[in-house]
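Student: Structure for the following, please:
(2 chains)
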Amino acid sequence: ETGVTQTPRHLVMGMTNKKSLKCEQHLGHNAMYWYKQSAKKPLELMFVYNFKEQTENNSVPSRFSPECPNSSHLFLHLHTLQPEDSALYLCASSQEWLPRTDTQYFGPGTRLTVL
Amino acid sequence: EDQVTQSPEALRLQEGESSSLNCSYTVSGLRGLFWYRQDPGKGPEFLFTLYSAGEEKEKERLKATLTKKESFLHITAPKPEDSATYLCAVKGSGTYKYIFGTGTRLKVLA
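Tutor: Got it, this is the predicted structure:
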(Lines give C-alpha, C1' and ligand atoms only; values in the text may rest on other atoms or scores of the structure.)
Protein backbone atom coordinates (compact mmCIF):
# COMPACT_ATOMS: atom_id res chain seq x y z
CA GLU A 1 0.00 0.00 0.00
CA THR A 2 1.18 3.50 -0.76
CA GLY A 3 0.00 6.98 0.14
CA VAL A 4 -3.09 7.35 2.30
CA THR A 5 -5.69 4.58 2.45
CA GLN A 6 -9.21 4.69 3.89
CA THR A 7 -11.70 1.96 4.70
CA PRO A 8 -14.49 1.40 4.08
CA ARG A 9 -14.98 3.30 0.83
CA HIS A 10 -18.75 3.33 1.24
CA LEU A 11 -20.86 3.06 4.40
CA VAL A 12 -24.60 3.12 4.94
CA MET A 13 -25.77 3.26 8.54
CA GLY A 14 -28.88 3.89 10.54
CA MET A 15 -29.13 6.65 13.08
CA THR A 16 -28.73 4.22 15.99
CA ASN A 17 -25.73 2.33 14.62
CA LYS A 18 -22.12 2.56 15.73
CA LYS A 19 -19.41 2.33 13.09
CA SER A 20 -15.80 3.36 12.61
CA LEU A 21 -13.82 4.80 9.72
CA LYS A 22 -10.16 3.87 9.38
CA CYS A 23 -7.28 5.77 7.82
CA GLU A 24 -3.68 4.67 7.37
CA GLN A 25 -0.82 6.68 5.92
CA HIS A 26 2.33 5.10 4.46
CA LEU A 27 4.23 8.37 3.95
CA GLY A 28 6.08 8.66 7.26
CA HIS A 29 4.15 11.84 8.15
CA ASN A 30 3.53 13.05 11.69
CA ALA A 31 0.21 14.87 11.29
CA MET A 32 -3.18 13.41 10.34
CA TYR A 33 -6.51 15.09 9.64
CA TRP A 34 -10.20 14.32 9.28
CA TYR A 35 -12.28 16.47 6.92
CA LYS A 36 -15.97 16.46 6.02
CA GLN A 37 -16.92 17.34 2.44
CA SER A 38 -20.54 18.18 1.67
CA ALA A 39 -21.91 19.27 -1.70
CA LYS A 40 -21.06 22.86 -2.67
CA LYS A 41 -19.24 23.55 0.61
CA PRO A 42 -15.52 23.91 1.24
CA LEU A 43 -13.75 21.09 2.98
CA GLU A 44 -14.53 21.33 6.70
CA LEU A 45 -11.66 20.49 9.02
CA MET A 46 -12.85 18.26 11.85
CA PHE A 47 -9.79 17.05 13.79
CA VAL A 48 -6.01 17.32 13.62
CA TYR A 49 -3.48 15.07 15.30
CA ASN A 50 0.24 15.80 15.46
CA PHE A 51 2.49 13.03 16.79
CA LYS A 52 -0.66 11.28 18.13
CA GLU A 53 -1.77 14.36 20.11
CA GLN A 54 -4.98 16.13 19.17
CA THR A 55 -4.21 19.72 18.26
CA GLU A 56 -7.49 20.85 16.69
CA ASN A 57 -11.13 20.03 17.34
CA ASN A 58 -13.17 22.27 15.11
CA SER A 59 -16.33 22.32 17.27
CA VAL A 60 -17.33 18.89 16.06
CA PRO A 61 -20.40 17.25 17.69
CA SER A 62 -19.59 14.53 20.22
CA ARG A 63 -21.26 11.89 18.04
CA PHE A 64 -17.94 11.95 16.14
CA SER A 65 -15.06 10.58 18.22
CA PRO A 66 -11.52 10.48 16.82
CA GLU A 67 -8.74 8.13 17.86
CA CYS A 68 -5.07 8.24 16.86
CA PRO A 69 -3.12 5.29 18.32
CA ASN A 70 0.07 6.19 16.42
CA SER A 71 1.27 8.56 13.70
CA SER A 72 0.25 6.15 10.93
CA HIS A 73 -3.31 5.33 11.94
CA LEU A 74 -6.39 7.45 12.50
CA PHE A 75 -9.94 6.38 13.29
CA LEU A 76 -13.26 8.20 13.36
CA HIS A 77 -15.84 6.50 15.57
CA LEU A 78 -19.44 7.28 14.68
CA HIS A 79 -22.54 6.86 16.84
CA THR A 80 -26.12 8.14 16.76
CA LEU A 81 -25.51 10.14 13.60
CA GLN A 82 -28.04 12.38 11.89
CA PRO A 83 -29.02 12.36 8.19
CA GLU A 84 -27.20 15.71 7.75
CA ASP A 85 -23.96 13.91 8.61
CA SER A 86 -24.13 12.16 5.24
CA ALA A 87 -21.04 13.33 3.33
CA LEU A 88 -17.64 12.32 1.97
CA TYR A 89 -15.19 11.93 4.88
CA LEU A 90 -11.60 12.50 3.91
CA CYS A 91 -8.42 11.67 5.76
CA ALA A 92 -5.17 13.47 5.05
CA SER A 93 -1.61 13.49 6.33
CA SER A 94 1.30 15.91 6.21
CA GLN A 95 4.79 16.47 7.56
CA GLU A 96 4.48 19.39 9.94
CA TRP A 97 7.82 19.86 11.63
CA LEU A 98 10.03 20.95 8.75
CA PRO A 99 9.61 24.12 6.68
CA ARG A 100 8.29 23.68 3.14
CA THR A 101 7.18 20.10 3.77
CA ASP A 102 3.60 20.62 4.93
CA THR A 103 1.73 19.59 1.80
CA GLN A 104 -1.31 17.51 2.69
CA TYR A 105 -1.95 14.23 0.91
CA PHE A 106 -5.49 12.86 0.91
CA GLY A 107 -7.01 9.42 0.97
CA PRO A 108 -9.80 8.34 -1.40
CA GLY A 109 -12.52 9.12 1.16
CA THR A 110 -15.41 7.25 2.70
CA ARG A 111 -18.87 8.05 1.30
CA LEU A 112 -21.17 7.94 4.33
CA THR A 113 -24.95 7.77 4.06
CA VAL A 114 -27.04 8.04 7.23
CA LEU A 115 -30.60 6.79 6.90
CA GLU B 1 -9.82 35.90 9.39
CA ASP B 2 -8.09 33.56 6.93
CA GLN B 3 -10.12 33.15 3.77
CA VAL B 4 -9.95 31.65 0.27
CA THR B 5 -12.19 32.62 -2.67
CA GLN B 6 -12.08 30.76 -5.96
CA SER B 7 -13.46 31.95 -9.28
CA PRO B 8 -15.16 31.16 -11.48
CA GLU B 9 -17.38 28.65 -9.72
CA ALA B 10 -17.75 26.67 -12.95
CA LEU B 11 -16.01 26.84 -16.32
CA ARG B 12 -16.73 25.14 -19.63
CA LEU B 13 -13.98 25.08 -22.25
CA GLN B 14 -13.60 23.60 -25.67
CA GLU B 15 -10.69 21.21 -26.07
CA GLY B 16 -7.59 23.32 -26.77
CA GLU B 17 -9.10 26.53 -25.37
CA SER B 18 -6.66 27.84 -22.74
CA SER B 19 -7.89 29.62 -19.61
CA SER B 20 -7.04 30.49 -16.01
CA LEU B 21 -8.59 29.75 -12.63
CA ASN B 22 -8.26 32.27 -9.81
CA CYS B 23 -7.68 31.80 -6.08
CA SER B 24 -7.77 34.94 -3.94
CA TYR B 25 -6.65 34.60 -0.35
CA THR B 26 -6.12 36.41 2.93
CA VAL B 27 -3.96 34.70 5.52
CA SER B 28 -1.70 35.62 8.40
CA GLY B 29 1.83 34.71 7.39
CA LEU B 30 1.45 32.49 4.35
CA ARG B 31 3.17 29.18 4.94
CA GLY B 32 1.95 27.63 1.69
CA LEU B 33 -0.67 27.76 -1.06
CA PHE B 34 -1.83 24.43 -2.41
CA TRP B 35 -3.64 23.35 -5.57
CA TYR B 36 -5.51 20.06 -5.82
CA ARG B 37 -7.55 18.31 -8.46
CA GLN B 38 -10.62 16.35 -7.35
CA ASP B 39 -12.64 13.92 -9.43
CA PRO B 40 -16.24 13.15 -8.37
CA GLY B 41 -16.45 10.89 -5.31
CA LYS B 42 -12.66 10.76 -4.88
CA GLY B 43 -10.11 12.39 -2.61
CA PRO B 44 -8.23 15.51 -3.72
CA GLU B 45 -5.09 14.79 -5.72
CA PHE B 46 -2.11 17.05 -5.00
CA LEU B 47 -0.91 19.25 -7.87
CA PHE B 48 1.30 22.09 -6.59
CA THR B 49 2.57 23.88 -3.50
CA LEU B 50 3.70 27.50 -3.77
CA TYR B 51 5.50 29.19 -0.90
CA SER B 52 6.34 32.77 -1.88
CA ALA B 53 5.17 35.51 -4.22
CA GLY B 54 6.68 35.22 -7.67
CA GLU B 55 6.98 31.46 -7.50
CA GLU B 56 5.74 29.40 -10.46
CA LYS B 57 5.39 25.65 -10.98
CA GLU B 58 4.43 23.61 -14.05
CA LYS B 59 3.18 20.13 -14.70
CA GLU B 60 2.09 19.05 -18.17
CA ARG B 61 -0.68 21.46 -19.27
CA LEU B 62 -0.92 23.17 -15.85
CA LYS B 63 1.02 26.13 -14.50
CA ALA B 64 0.50 27.70 -11.09
CA THR B 65 1.60 31.21 -10.14
CA LEU B 66 1.51 33.14 -6.88
CA THR B 67 1.30 36.81 -5.86
CA LYS B 68 0.80 38.28 -2.40
CA LYS B 69 -2.97 38.27 -2.82
CA GLU B 70 -3.85 35.55 -5.33
CA SER B 71 -2.82 32.51 -7.27
CA PHE B 72 -3.68 31.46 -10.79
CA LEU B 73 -3.87 28.00 -12.26
CA HIS B 74 -3.31 28.32 -16.00
CA ILE B 75 -4.51 25.47 -18.20
CA THR B 76 -2.95 25.40 -21.66
CA ALA B 77 -4.68 23.52 -24.48
CA PRO B 78 -6.87 21.49 -22.11
CA LYS B 79 -8.13 18.00 -22.90
CA PRO B 80 -11.38 16.34 -21.78
CA GLU B 81 -9.43 14.37 -19.16
CA ASP B 82 -8.62 17.67 -17.43
CA SER B 83 -12.30 17.92 -16.44
CA ALA B 84 -12.45 17.96 -12.62
CA THR B 85 -12.91 20.29 -9.66
CA TYR B 86 -9.79 22.27 -8.85
CA LEU B 87 -9.33 23.20 -5.20
CA CYS B 88 -7.11 25.88 -3.70
CA ALA B 89 -6.03 25.98 -0.05
CA VAL B 90 -3.77 28.12 2.14
CA LYS B 91 -2.01 27.56 5.43
CA GLY B 92 -0.88 30.32 7.71
CA SER B 93 1.99 30.31 10.13
CA GLY B 94 1.51 28.95 13.62
CA THR B 95 -1.52 26.83 12.79
CA TYR B 96 -2.36 23.31 11.68
CA LYS B 97 -5.40 24.56 9.76
CA TYR B 98 -5.62 24.49 5.99
CA ILE B 99 -8.31 26.83 4.60
CA PHE B 100 -9.96 25.57 1.42
CA GLY B 101 -11.96 27.37 -1.23
CA THR B 102 -15.15 25.94 -2.68
CA GLY B 103 -13.38 25.00 -5.91
CA THR B 104 -13.79 25.59 -9.65
CA ARG B 105 -15.65 22.90 -11.59
CA LEU B 106 -13.96 22.59 -14.97
CA LYS B 107 -15.57 20.84 -17.92
CA VAL B 108 -13.56 20.43 -21.11
CA LEU B 109 -15.61 19.50 -24.16
CA ALA B 110 -14.20 17.41 -27.00
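Student: where does chain B dip in pLDDT?
Tutor: Scanning chain B for pLDDT under 70 picks out nothing.
Student: let's see 90
Tutor: Scanning chain B for pLDDT under 90 picks out B:1-2, B:28-29, B:92-97.
Student: before we move on, what about chain A?
Tutor: Ranges of chain A meeting pLDDT under 90: A:1-2, A:15-17, A:39-41, A:50-59, A:95-102.
Student: interface residues of it facing chain B?
Tutor: A:4, A:6, A:31, A:33, A:40-43, A:45, A:48, A:50, A:55-56, A:88, A:90, A:96, A:100, A:102-109, A:111 (Cβ under 8 Å from any Cβ of the partner chain). Just so you know, the C-beta spots here come from the backbone N, C-alpha and C atoms, and that holds for glycine as well.
Student: If we use 7 Å, what do you get?
Tutor: A:31, A:40-43, A:45, A:48, A:50, A:55-56, A:90, A:96, A:100, A:102-109, A:111 (Cβ under 7 Å from any Cβ of the partner chain).
Student: Each with direction, which strands does the helix or strand harbouring residue A:49 pair with?
Tutor: Assigned by DSSP states H and E, residue A:49 belongs to strand A:44-50. Here strand A:44-50 is paired, per DSSP bridges, with strand A:31-37 (antiparallel), strand A:53-57 (antiparallel).
Student: Tell me where chain A has strands.
Tutor: For chain A, the strands defined by DSSP state E occupy A:4-7, A:10-13, A:18-25, A:31-37, A:44-50, A:53-57, A:64-70, A:73-79, A:87-94, A:105-106, A:110-114.
Student: Next, format those as a markdown table and append mean neighbour count.
Tutor: Putting the strands of chain A into a markdown table (neighbours: other Cβ atoms under 10 Å in any protein chain shown) gives the following:
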| stretch | mean neighbour count |
| --- | --- |
| strand A:4-7 | 18 |
| strand A:10-13 | 14 |
| strand A:18-25 | 19 |
| strand A:31-37 | 24 |
| strand A:44-50 | 20 |
| strand A:53-57 | 13 |
| strand A:64-70 | 15 |
| strand A:73-79 | 19 |
| strand A:87-94 | 24 |
| strand A:105-106 | 22 |
| strand A:110-114 | 18 |
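Student: how near is the residue lying closest to residue B:105 once chain neighbours are set aside to residue A:39?
Tutor: Setting aside the residues directly before and after it, residue B:105 is nearest to residue B:10 in space (Cβ to Cβ, 6 or more residues apart in numbering or on different chains), at 4.5 Å. Using Cβ to Cβ, to the nearest Å, residue B:10 is found at 14 Å from residue A:39.
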